[in-house]
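Q: heads up, no residue letters with this:
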């Protein structure tokens, strides 16, 4: 299909070139200010009545030169910047970055810190999926699930606040370990949260999963086959919803993920419904991982002996971790100085979003919000 | 029995005897009736908005408005209404100004006109038309005209889409709605709203109240679903789906014009609940006890007034409950449901009712 020349944003005003509108087709500009674009994504939808015939996503409204800034900061200074990548899963972003630097330096970290990293990252996965489920419900017009999910997410944030003093941008992972140990009583609080959280999943099921109206809205919508998913380079729940059993925690284990027993949920439906089920199941699996990690949690130091100034040896590294949204890769080139020579982020939501036009074609406007919701985008990470 | 119609008749007779032209009492009565009805709609709508916020809050494990006015934020709607009154009135530059200004009035007038035939209590009905049911259905679907006007005149693609959806939805849901209403009308043998309520006095089999919801349960369900669609309530709030169309047909409206749309929505909810109460739930019928020292007729009337309100607000509560539990349908699912499910059921119900009545 031939792409129509799209309007080019210039400065604050948008110069809209004449689009080829016919009597049958019209363009609708969805975003950057729209309730369901989850941030500042802009979509041009070409509509034939209510049917989407084409969709052009525009990104970059939140661009802030993340990678270029990284080249002018020392390695530890980049950690707070990674928080702002995926601000809904800052712990996972920190995790991915510090793992990359440690790999570059060949640094080992204490056992206890490894366990803390896994516990916090999996809690973050739960929090991120909860926020996703809530906003997805909002997209479909179900307001109540939103509040329910936020109630539980709030508890996770309280746990994070107790650990790091922050509720959104934690900067808690350090190169070589963790910022500090768990505060007193934190492990018990975390267990109490898990006990509270486990019966909540059936509660969500009663409200949305078993609701025929909810199912009908998302089944057989936004279909992306197994082949297309691999070709687009999608990762995370998007990939697993199309029948590809691929999870970096299992397929390319980093940190200590090889020590835990957990399932990788895979569904074959290739639609929004399957993506919903994958994320729902992943929350349950994350609970399992956290419980095992809490049981095995060893005592000891949380920070390795590190030099005052970090000067990784000359070399390069690509390290990947499984963030709630998929494969999060950090590519670093070191020239031996305290600052990286090149710093590149492979962000999962950016790659996942690339398949959006493919998924949208032929569905209705109402499906557009469901499909976009199922991608689980975070613009901070897409625009960087 | 004292009825509103008789009082009016007396008034005309007296004024005619005094030599006053008939226009004067007509205007006086009209002004009073419209004033009372508009005041009732305004108060009821404000109460319903506050109530909905409280219900949604309690469904969602939160409190809702708690501050304004003291007790559970009862004055929240009044404050909101005042705020909307004082806001700047914005008409988009490219809008069709006349139609833009007219649209909210049309929507509100349509729901206002429906209040004419609501039987509030025994004898208390503004005008007990012989085709009351037909009138109600016809008038309440006029609101769609206003919605289309709003969508078109806003010169906004989202508004146009919303208006288009609204028109399609109205056309689809009117049909099963009318068919479901015909059931009780056939049993009662009248289209007068008052007559329909009177026909529901007494009991079925000696213990069940003689409400048409029992023999016409299917029709009641069909009616209620269609009524939800008629009011653009979730799960049928597709014309104003905020996550898809931002706000649908009223996306360009602000201030008082927006408030009038809002008011009309809640007024409309009360109308459909009132029709359901009248046709299926026995209107103002309900247990009542005579109060010594007061004429039995007056006490019966007062109890009737209360019963009617209780039933209406219960139905509205169910509507709100559904809204905060379910999610939105998709346009094609909505149409499928109306034409492939509701319409055959309504037809079957009508045929069975007819057969039973024949035998």
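A: Yes, it's here. Remember, predicted model here, so these are calculated numbers, not experimental data.
Q: now the helices for chain B?
A: In chain B, the helices defined using DSSP state H lie at B:4-17, B:23-59, B:76-86, B:97-114, B:132-140, B:143-153, B:157-188, B:193-199, B:217-230, B:242-245, B:255-280, B:296-323, B:331-336, B:343-358.
Q: and the fourth one, what's its mean pLDDT?
A: So that's helix B:97-114. What helix B:97-114 shows for mean pLDDT is 87.
Q: hmm, back to that, looking at the helices of chain B, spot the one closest to chain A.
A: Proximity to chain A (Cβ to the nearest Cβ) singles out helix B:242-245 among the helices of chain B, at 4.3 Å. Quick note: C-beta positions are derived from backbone N, CA and C, even for glycine.
Q: what residues are up against residue 153?
A: Just going to use chain A. Neighbouring residues of residue A:153 by Cβ atoms under 8 Å, 6 or more residues apart in numbering or on different chains: A:127, A:130, A:131, A:134.
Q: nope, chain B please
A: Neighbour list for residue B:153: B:95, B:96, B:97, B:98, B:99, B:100, B:103 [criterion: Cβ under 8 Å, 6+ apart].
Q: which of the residues you listed are buried?
A: Among these, those classed as buried by 16 or more other Cβ atoms under 10 Å in any protein chain shown are B:95, B:96, B:99, B:100, B:103.
Q: skipping its backbone neighbours, what lies nearest the second one in space?
A: Nearest non-adjacent residue to residue B:96, counting by Cβ to Cβ, 6 or more residues apart in numbering or on different chains: residue B:153, 4.0 Å away.
Q: just the pLDDT for the one you found.
A: pLDDT, the model's per-residue confidence, is 87 for residue B:153.
Q: again with the one 4 residues further on
A: At residue B:157, the model reports a pLDDT of 79.
Q: what about chain B, any weak spots by pLDDT?
A: Segments of chain B classed as low confidence (criterion: pLDDT under 70) are B:1, B:238-247.
Q: mind telling me which residue of it is nearest chain A?
A: Closest point on chain B to chain A, by Cβ to the nearest Cβ, is residue B:328, at 3.2 Å.
Q: quick one: that residue and residue A:217 touch, right?
A: Yes. Between residue B:328 and residue A:217 there is a contact under Cβ atoms under 8 Å: 7.5 Å.
Q: hey, what's in contact with both of the two?
A: A:140, A:366.
Q: how about the residues of the stretch 1-150 of chain A near chain B?
A: Within the stretch 1-150 of chain A, the positions lying close to chain B (Cβ under 8 Å from any Cβ of the partner chain) are A:26-29, A:34-36, A:50, A:137-144, A:147-148.
Q: that older thread, tally up the residues packed near the residue of chain B closest to chain A, please.
A: Residues within reach of residue B:328, counting by other Cβ atoms under 10 Å in any protein chain shown, total 26.
Q: by mean pLDDT, flag the weakest helix or strand of chain A.
A: strand A:13-15 (a mean of 41; mean pLDDT, DSSP states H and E).
Q: now do whichever helix or strand comes after that strand: which elements does it pack against?
A: Using DSSP states H and E, the next helix or strand after strand A:13-15 towards the C-terminus is strand A:25-30. Packing contacts for strand A:25-30, counted by 3 or more Cβ pairs under 8 Å, 6 or more residues apart in numbering or on different chains; DSSP states H and E, involve strand A:42-48, helix B:157-188.
Q: near chain B, which residues of the stretch 251-384 of chain A are found?
A: So the stretch 251-384 of chain A meets chain B at A:364, A:365, A:366, A:367, A:368, A:369 (Cβ under 8 Å from any Cβ).
Q: pull the contacting residues for the residue nearest to residue A:325 when sequence neighbours are not counted.
A: In this structure, residue A:325 finds its nearest non-sequential neighbour in residue A:348, 4.2 Å apart by Cβ to Cβ, 6+ apart. Going by Cβ under 8 Å, 6+ apart, residue A:348 touches A:235, A:236, A:323, A:325, A:326, A:327, A:328, A:381.
Q: which one of those sits closest to chain B?
A: Nearest member of the contacts of residue A:348 to chain B, counting by Cβ to the nearest Cβ, is residue A:325, at 20.8 Å.
Q: need the pLDDT of that closest one.
A: In this model, residue A:325 carries a pLDDT of 89.
Q: count of neighbours near it?
A: 29.
Q: so it touches residue A:376, yeah?
A: Yes. Counting by Cβ under 8 Å, residue A:325 does reach residue A:376; the two are 5.6 Å apart.
Q: shared neighbours of these two, which are they?
A: Here residue A:325 and residue A:376 share the contacting residues A:237, A:349, A:352, scored by Cβ under 8 Å, 6+ apart.
Q: separation between the second one and chain B?
A: Remark: distance between residue A:349 and chain B (Cβ to the nearest Cβ, to the nearest Å) = 19 Å.
Q: give me the element that residue is part of.
A: Residue A:349 belongs to helix A:348-353, assigned by DSSP H and E.
Q: distance between that helix and the chain's centre?
A: Offset of helix A:348-353 from its chain centre (Cα atoms, centre = their mean, to the nearest Å): 9 Å.
Q: what do you get for stretch B:20-27?
A: Here the centre of stretch B:20-27 is set off from its chain's centre by 31 Å, with Cα atoms, centre = their mean.
Q: so what touches it?
A: Contacts to stretch B:20-27, defined as Cβ under 8 Å, 6+ apart, come from residues B:11, B:12, B:15, B:16.
Q: can you lay out these as a markdown table showing distance to chain A and neighbour count?
A: Output for the contacts of stretch B:20-27, formatted as a markdown table (distance: Cβ to the nearest Cβ, whole Å; neighbours: other Cβ atoms under 10 Å in any protein chain shown):
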| residue | distance to chain A | neighbour count |
| --- | --- | --- |
| B:11 | 50 | 14 |
| B:12 | 52 | 15 |
| B:15 | 54 | 16 |
| B:16 | 57 | 12 |
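Q: how about the residue of the stretch 51-200 of chain A found nearest chain B, phi and psi?
A: The stretch 51-200 of chain A approaches chain B most closely through residue A:141 (3.2 Å), counting by Cβ to the nearest Cβ. Taking degrees, to the nearest 10, you get phi 90, psi 10 for the backbone angles of residue A:141.
Q: hang on, isn't residue A:87 packed against residue A:169?
A: Yes. Residue A:87 is within contact range of residue A:169, at 6.6 Å (criterion: Cβ under 8 Å).
Q: tell me the helix or strand right after the longest helix along chain A.
A: Ranked by residue count and defined by DSSP H, the top helix of chain A is helix A:111-139. Using DSSP H and E, the next helix or strand after helix A:111-139 towards the C-terminus is helix A:143-164.
Q: ok, residues contacting the helix or strand just after that next one?
A: Later in the chain than helix A:143-164, the nearest helix or strand by DSSP H and E is strand A:173-174. Residues from elsewhere that reach strand A:173-174 (Cβ under 8 Å, 6+ apart): A:76, A:79, A:91, A:94, A:95, A:97, A:98, A:117, A:179, A:303.
Q: now the fifth one, nearest residue through space, not along the chain?
A: Excluding its sequence neighbours, the residue lying closest to residue A:95 (Cβ to Cβ, 6+ apart) is residue A:121, at 5.0 Å.
Q: next up, the contacts around that neighbour.
A: Shown in contact with residue A:121 (Cβ under 8 Å, 6+ apart): A:91, A:92, A:95.
Q: just the residues you listed: which are in helices?
A: A:91, A:92, A:95.
Q: out of those residues, which one sits closest to residue A:318?
A: When the ones in helices among the contacts of residue A:121 are ranked by distance to residue A:318 (Cβ to Cβ), residue A:95 comes first, at 15.6 Å.
Q: and the pLDDT at that closest one?
A: 91.
Q: what of residue A:46?
A: pLDDT recorded at residue A:46 is 82.
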